[in-house]
Each structure stands twice: as structure tokens, then as C-alpha cells.
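K.L.:
Based on what follows, work out the 3D shape:
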Amino acid sequence: MRKIKTKDVFKLARLIKISGTKEELTEILGASKSQDASEIGLKAIMTLITACGEEETEKGIYELLADIAEKKPTDIENMELEELSTFLKEISEQNNLSNFFDTAVKSA
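P.N.:
This is a model prediction of the structure:
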């Protein structure tokens, strides 16, 4: 797994636009100043995943997570739920997801 890079911000910003979650994510990021950055990031990820009514958004999430994991999108798509949860926690522990989402939301 690699660290989150600048290119990931733009991918995430596009996903936020497509999914229509900008307002909801802005609320999460703004109301959560007293919470741990990884906790905020996990809430933001789950909000985005929950909003995946569109196939394009779902595909984009697989591609973004696969790029970060240095795997194929189908590997992410076929992860068991527990494995996905562990993977998301690892991303959260290794990166400042709150900052990542905040930057992407502002770019969306």
C-alpha cells in the first residue's frame, strides 16, 4: 500500500461531484474538529461508499482504492467486508484522511 498522493485528491474530487456528497462531507468535516483525523476520514469514506447508487461512482471508488492499495480494481471489488474494513483502517492510519477529504471537497 502506498501513501495518498496529489493525483488521488483529483480522483476523489470527481467522485464527490458524481456522488453528490459535497454538502454531506462538508458537514462531516466541519462538525468534527474535536474528533481524531482518522475517525473523520473513516466517516467520510463510509459516506461516499453509502452514496454509491451510481455504477460510475462505484467503479471510481474501486479504481481509487485499488490505486492506493497497488492492486487491481477487481481485487477491491471482491474483498470480503472485514478485509475492506481493515484495509480502510490501514489507509486511515497511514494518511491524514481528514485533510485528504477536506482538500478534495474544496476541489469538487
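K.L.:
what does the helix or strand hosting Ile28 contact?
P.N.:
Under the criterion of DSSP states H and E, Ile28 resides in helix 22-31. By CB atoms under 8 Å, 6 or more residues apart in numbering, the residues outside helix 22-31 that reach it are Ile16, Ile40, Lys43, Ala44, Thr47, Leu48, Ala51, Ser98, Phe101, Asp102, Val105, Ala108. C-betas here are computed from N, CA, C, even on glycine.
K.L.:
what two of these have the greatest distance between them?
P.N.:
In those, the most distant members under the criterion CB to CB are Ala51 and Ser98, with 18.4 Å between them.
K.L.:
Out of the contacts of helix 22-31, the closest to Leu84 would be?
P.N.:
Once CB to CB is applied, the member of these that ends up nearest Leu84 is Leu48, at 13.2 Å.
K.L.:
how about the closest one, what does it touch?
P.N.:
Leu48 touches Leu15, Ile16, Ser19, Thr21, Leu25, Thr57, Ile61, counting by CB under 8 Å, 6+ apart.
K.L.:
one more time with 7 Å
P.N.:
For Leu48, the contact set (CB atoms under 7 Å, 6 or more residues apart in numbering) comprises Leu15, Ser19, Thr21, Ile61.
K.L.:
Which of those residues fall in helices?
P.N.:
Among the contacts of Leu48, the members found in helices (DSSP state H) are Leu15, Ser19, Ile61.
K.L.:
Just confirm the second one contacts Ala51, I think it does.
P.N.:
Yes. At 4.3 Å, Ser19 and Ala51 qualify as touching, with contact defined as CB atoms under 7 Å.
K.L.:
Who has more neighbours out of the two?
P.N.:
Between Ser19 and Ala51, counted using other CB atoms under 10 Å, Ser19 has the larger neighbour count: 24 against 19.
K.L.:
so how far is Glu70 from that one?
P.N.:
24 Å (CB to CB, to the nearest Å).
K.L.:
Return the per-residue confidence for the nearest residue to Met1 once chain neighbours are set aside.
P.N.:
Distance criterion CB to CB, 6 or more residues apart in numbering; nearest residue to Met1, sequence neighbours excluded, is Ala69 at 5.4 Å. Looking at Ala69, its pLDDT reads 93.
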